[in-house]
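Peer 1: got a predicted structure plus its sequence, pasted below:
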Amino acid sequence: MKPKLRRSMLFVPGSNTGMVCNAFIYKPDTVMFDLEDSVALSEKDSARMMVFHALQHFTYKDIETAVRVNPLDTPFGLLDLEAVIRAGVDIVRLPKTDTVEDVLDMEREIERIETKIGATKKTMLLAAIESALGVVNAVDIARSSKRMMGIALGAEDFVRDLHTQRTKEGHELMAARNQILLAARAAKIGAFDSIFSDVKDKEGFMHEVELIKGLGFDGKSLINPNQIPWLHSAFAPSQKNINWAIEVLEAAKDAKERGLGVISLDGKMVDAPVILRAEWIMDLARASGVLGEEQ
Ligand SMILES: CC(=O)SCCNC(=O)CCNC(=O)[C@H](O)C(C)(C)COP(=O)(O)OP(=O)(O)OC[C@H]1O[C@@H](n2cnc3c(N)ncnc32)[C@H](O)[C@@H]1OP(=O)(O)O
Ligand SMILES: O=C([O-])CC(=O)C(=O)O
Ligand SMILES: [Mg+2]
């Protein structure tokens, strides 16, 4: 089965007409319109209207959409939520999620709006964790709603809360990344890393991508289209990985035919978890376009 890829979630400021109209062109896995921190207070209403219309435009029908709404305790949160659910958004990104209560409040409002408009689809939730309190509560947040499709780190707000700043090495984010990843995996939902803000620094970006990919993250929030091909190429399995996966699957098929459970390939043990990993690499290779559907 072709897995749904969510490597790249491109933030698009909801107040920028050109970017809202064109974001689909860059083919991120998910377009994530923003109504929160990239939108000035004076533009909150016009941005909401623009995103409302963009979501219903045919250019956004074949791409997954998310909207980062304002928190419910601001004058904009509920208006944002009404607009984006009416417009049929796929995912609501809840910013600055500190507690399970934050999720349940949002879930209650989503349910109320969906019932009111007779919606046929169920909007998914993505909780952004952007504080020490949110990280401490990550496990409960990840498990708090059936609608929760993933949790994401919001590193810029998080380092502010920690009284530190981001570095290239990322030591200051290690505990949060580990906690978010573990919480997401325990809840069997997606884990997404934060933005990398220097859009010209490809080397720094790739260093961060290798780090979060190695930890096990599914993908990352992005702020610039240039970062999309960099990220996708880093997440695509290498030819060496693919060759290994093909060998493992052939050996596993052969072992099954001979009624064997554990086998050895080039002196290394091949058992069920290794076979599952090989299948996952092949799925990822197909979904990333590195392999054809029939291969
Ligand atoms: C901490 C947080 O909350 S982060 C989340 C909120 N922040 C955001 O959403 C910011 C999104 N990103 C941006 O606004 C911009 O990429 C900036 C300000 C970082 C850099 O802007 P620029 O220097 O103009 O970018 P750049 O020169 O690479 O743009 C190239 C093209 O990509 C477009 N583009 C740039 N960023 C985006 C984006 N995020 N979405 C869609 N299109 C974009 C530009 O409009 C431009 O299009 P054009 O060639 O048709 O004119
Ligand atoms: O969620 C993100 O990656 C962007 C953000 O708001 C933050 O870092 O504070
Ligand atoms: Mg933030």
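Peer 2: Nice, thanks for sending it over. Numbers count the residues shown, from 1 in each chain. Ligands and ions are numbered 1, 2, ... in the order given.
Peer 1: any stretches of the stretch 1-150 of the chain with poor pLDDT?
Peer 2: Scanning the stretch 1-150 of the chain for pLDDT under 70 picks out 1-3.
Peer 1: check contacts around the nearest residue to residue 8 once chain neighbours are set aside.
Peer 2: Excluding the flanking residues, the one nearest residue 8 by CB to CB, 6 or more residues apart in numbering is residue 28, at 4.2 Å. The C-beta positions use only the backbone N, C-alpha and C, and glycine is treated the same way. Applying CB atoms under 8 Å, 6 or more residues apart in numbering to residue 28 gives the contacts 8, 9, 10, 63, 222, 225, 228.
Peer 1: gap between residue 28 and ligand 2?
Peer 2: Separation of residue 28 from ligand 2 (CB to the nearest ligand atom, to the nearest Å): 14 Å.
Peer 1: now, among the contacts of residue 28, which is nearest to residue 259?
Peer 2: Of all those, residue 8 has the smallest distance to residue 259: 43.6 Å, by CB to CB.
Peer 1: dump the residue contacts of the closest one.
Peer 2: Residue 8 touches 28, 29, 30, 219, 220, 222, 227, 228, 231, 232, counting by CB under 8 Å, 6+ apart.
Peer 1: and these as TSV, adding distance to residue 76 and secondary structure?
Peer 2: Shown next, in TSV, are the contacts of residue 8 (distance: CB to CB, whole Å; DSSP: H, G, I helix; E, B strand; the rest coil):
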residue	distance to residue 76	secondary structure
28	25	coil
29	27	coil
30	22	strand
219	27	strand
220	26	strand
222	24	strand
227	28	helix
228	28	helix
231	30	helix
232	33	helix
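Peer 1: need the max-distance pair from the residues you listed.
Peer 2: Maximum pairwise distance among the contacts of residue 8 (CB to CB): 13.5 Å, between 30 and 227.
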